[in-house]
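Q: The sequence and its predicted three-dimensional model are supplied below.
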Amino acid sequence: MLATLWIVLTYPFSIFRRRHDLALEVLALRHQLMVLKRQTRRPRLRRSDRYFWLLLMRVWPNWRNPLIIFQPETLIGWQRAGFRMFWRWKSRHRHGRPGKDQELIQLIRRMWSANPTWGSPRIRDELAKLGLIASTATIRKYRPKSRGKPSQGWTTFLQNHTGSIAAMDFFVVPTVTFRLLYVLIIMKHERRKVVHFNITDSPSAAWTAQQIVNAFPYDTAPEYLLRDRDSIYGSIFNHRVEGMGIQQKLTAPRSPWQNPFAERLIGSIRRECLDRVIVLNEQQLSNVLVDYFDYYHRARPHRSLSHDSPIPRPVELPDRGKVIEMPRVGGLHHQYLRQAA
């Protein structure tokens, strides 16, 4: 009501205003009506709308009078924001200190990730030994932002303890008469070497405990023994292992991947040997496994052992003579050697 009364009272004085001012006011009011007619719950100003009012503010001194949908302070804020953007663009970085080489940045990040106990000064000193100059501030800038609590990786931990870790596991082999034979293998992590295996048709905790004693006589017992949670490892087995000073590390239920070396060995035995023969009885299975493990230890390359066998195999150069092949594991595999003519 008051707004309508104000319009009626001020209308007679509009005849004394300049035509230029009236035209600008009509333009401003029409623009605001156009914004209000947009199909939105709350009229949203576009960038073009802001530019229009910034231009109108420069050419019309009475720009505050017709404002309805926003406050004059809003328009002044737009102008200040535009001023800041202009000077940010005008003072943009053009010249200055050259950036660091990408190879150096990647090397800093690799050192930071691979060496959990190193700080920026240690990395700086290591880079200096390589003829690369980088300040601690530069290293802090390019290293990963967060590394967490310093800790060695699982790969490093296992490599440092492979000499004191052994693993064991059972696998089942059916015979031609559908009799089930249980094969126990015990291996050392260090060179993937099978230190003991045995076969039975009725495994028990007492039998398994005796196999541990046979595998590690005298003072050859490892510090850790990795195994699953099979119920066959009863109290007799646990007492025997504890008496030998071995700490047992049990895998989580249904997690064979936590005993990877033993599982991988069993897979190799099946793929490379047992899946290709018919097992008649326990004695024949023992003979086959003896032949396979001899081939496995002395001739079969392992990627994890730098493509060498568990018992290191020398490289034979061409001057040693011509290449001959020797059948192994009943002809399932062959070993290639050089023999002088």
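A: Noted; the coordinates are in hand. Numbering: from 1, shown residues only.

Q: Shouldn't Met168 be within a strand?
A: Yes - note on Met168: a strand contains this position according to DSSP: H, G, I helix; E, B strand; the rest coil.

Q: Give the burial count for the residue nearest to it when sequence neighbours are not counted, as a bare number.
A: Ranked by Cβ to Cβ, 6 or more residues apart in numbering and with sequence neighbours excluded, the top spatial neighbour of Met168 is Ile186, at 4.6 Å. No exception for glycine: its C-beta is placed from N, CA and C like everyone else's. As a burial measure, the neighbour count of Ile186 was computed by other Cβ atoms under 10 Å and equals 23.

Q: what ranges do the helices span in this protein?
A: Along the chain, the segments classed as helices by DSSP state H run 2-10, 19-36, 47-59, 72-90, 102-114, 120-129, 136-142, 154-161, 205-215, 235-243, 260-272, 282-298.

Q: so which of those gets nearest Ile199?
A: Nearest to Ile199 among these is helix 282-298; the distance by Cβ to Cβ comes to 5.3 Å.

Q: ok, the residue lying closest to Val277 once chain neighbours are set aside to Gly267 distance?
A: Distances taken as Cβ to Cβ, 6+ apart put Val288 closest to Val277, at 6.0 Å, once the chain neighbours are dropped. Distance, Val288 to Gly267, using Cβ to Cβ, to the nearest Å: 17 Å.

Q: Give the residue from those two that has the larger number of neighbours.
A: Counting neighbours by other Cβ under 10 Å for Val288 and for Gly267 shows that Val288 has the greater number, 21 against 11.

Q: Tell me the spacing between that one and Cys273.
A: According to Cβ to Cβ, Val288 and Cys273 sit 7 Å apart.

Q: Same check on Val323?
A: For Val323, the distance to Cys273 under the criterion Cβ to Cβ works out to 24 Å.

Q: The two - which one has more neighbours?
A: Legend: neighbour count by other Cβ under 10 Å for Val323 and Cys273, higher for Cys273 (20 against 11).

Q: Pretty sure Thr136 sits against Leu127.
A: No - the pair Thr136 / Leu127 is not scored as a contact, 10.6 Å apart, by Cβ atoms under 8 Å.
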